[in-house]
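1. Using only what follows, build the 3D model:
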Amino acid sequence: MRWIISLGLITNVWVGALGQLQAGPWLFTVDEKKSEFYVTVTLDLGLVKEADDDSSRIKGSFITELEPDKAPESIRITNLEAQPIKSKLQFSYSFGPFGLLGKARFTVSDFKILLDSDGTGEAAVLDEAGRFVQTGNVPAITGLVKYDVDTALIKQKGQIELSEPEGPEEDAAQAEPFEFEGRLTSSSNVPVLTFNFDIEQELESEEFNGITVLVLAQGTVVARGERLVIEPPDLEIVVIDGGRLQLGWQIADHILEAAVEPTFAESKIVELDEGQTRYITRPGPDQPQQFFRLRAR
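-> Numbers count the residues shown, from 1 in each chain. Coordinates of the predicted model:
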């Protein structure tokens, strides 16, 4: 009776218009010198409306999943965290001729654009030149907004946390879905990803009574990627009394799978208790061979 242990990860190689790039997750770091964005904040007080903008270089990172083993080749940008190099973005407003109707000032600090896997759109198809459009991305905009509005219509002063929406979470305003429109190229087998974005969100707060605040962030990101290496967890196999097998591993959040064939096409997950670090099983007559796979959750 044979028991075979599968410990490795299958690595695909992308051989296409961009040269030889490995499949799987890549970590991209934003090139601060080549990436920038512009933020426009529009204040609508009902009878009067004004807009002001500020700009900054960008820093941050994101993960890109490449899938060359499917036809056509695809890309999916996820886990984005981008923020301006400037510590504060500042916006000033003057309402009416020569500011006769009043003025306002907004300051945004710790401004970030976040995109997690739940808010990421579907994978996009890469054409032969590496161009793609990834749609359906729903970001989160965070930061601290300090405002001082002193007009003939409204007088308000205070601050709000963009990352802490008021009221039930399901009622919180979300940014409109946006697109990544870009191109993936390769330089000396190093992937270079360039994309444009256009994100719009209305800020909502009970303190903004009578004021509509609309944020528009537009920019271009240029980033270079490096292979995100995921080390497979070690699985130790020991034969114990009665011909039983004991599988052991270091404590972590793992998933243990079992299958009767090496492709794991019809695998089943072995239920593990929290903190469990070993699993004991006995070969059965109906299973001439068995495969196990331990992977990080």
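
2. residue ranges with poor pLDDT in the stretch 101-250 of the chain?
-> Applying pLDDT under 70 to the stretch 101-250 of the chain picks out residues 163-175, 229-233, 242.

3. Give me the longest strand you can find in this structure.
-> If you go by DSSP state E, the chain has its longest strand at strand 49-67.

4. what are the pairing partners of it, and which direction each?
-> Sheet pairing for strand 49-67, assigned by DSSP bridges, gives strand 24-30 (antiparallel), strand 36-44 (antiparallel), strand 74-84 (antiparallel).

5. Out of those, which is closest to residue 267?
-> strand 24-30 (19.5 Å; C-beta to C-beta). Any C-beta I mention is one placed from the backbone N, CA and C, and that applies to glycine too.

6. buried set for the closest one?
-> Using 16 or more other C-beta atoms under 10 Å as the burial criterion, the residues of strand 24-30 that qualify are 24-28, 30.

7. TSV for those residues, including distance to residue 153 and pLDDT?
-> Putting the buried residues of strand 24-30 into TSV (distance: C-beta to C-beta, whole Å; pLDDT from 0 to 100) gives the following:
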residue	distance to residue 153	pLDDT
24	56	80
25	51	86
26	51	90
27	49	92
28	46	95
30	41	96
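
8. Distance-wise, check residue 249 relative to residue 277.
-> Using C-beta to C-beta, to the nearest Å, one obtains 6 Å as the distance from residue 249 to residue 277.

9. who has more neighbours, these two?
-> Taking other C-beta atoms under 10 Å, residue 249 and residue 277 do not tie; residue 249 has more neighbours (17 against 14).

10. so what's that one up against?
-> Taking C-beta atoms under 8 Å, 6 or more residues apart in numbering as the definition of contact, the neighbours of residue 249 are 233-236, 277-278, 294.

11. Not counting its own residues, what contacts stretch 193-203?
-> 28, 37, 64, 77, 113, 139, 141, 145, 160, 162, 173-176, 178-185, 212-225.

12. So which of these are in helices?
-> Of the positions in those, not one sits in helices, assigned by DSSP state H.

13. Just those residues: which are in strands?
-> When DSSP E defines the strands, the subset of the contacts of stretch 193-203 inside them is 28, 37, 64, 77, 113, 141, 145, 160, 178-185, 212-225.

14. Go through stretch 132-139 and flag the buried ones.
-> With burial defined by 16+ other C-beta under 10 Å, the residues of stretch 132-139 counted as buried are 132, 134, 137-139.

15. how much distance is there from it to the middle of the chain?
-> When C-alpha coordinates are averaged (C-alpha atoms, centre = their mean, to the nearest Å), stretch 132-139 and its chain have centres 11 Å apart.

16. At the geometric centre of the protein, which residue do we find?
-> By C-alpha atoms, centre = their mean, the mean C-alpha position of the chain lies nearest to residue 79, the distance being 1.7 Å.

17. ok, the residue nearest to it when sequence neighbours are not counted to residue 161 distance?
-> In this structure, residue 79 finds its nearest non-sequential neighbour in residue 63, 4.4 Å apart by C-beta to C-beta, 6 or more residues apart in numbering. To residue 161, residue 63 is 26 Å away according to C-beta to C-beta.

18. Between the two, which has more neighbouring residues?
-> Per other C-beta under 10 Å, whichever of residue 63 and residue 161 has more neighbours is residue 63, with 17 against 13.

19. looking at it, that one is touching residue 81, isn't it?
-> No - distance between residue 63 and residue 81: 10.1 Å, which falls outside the contact criterion (C-beta atoms under 8 Å).
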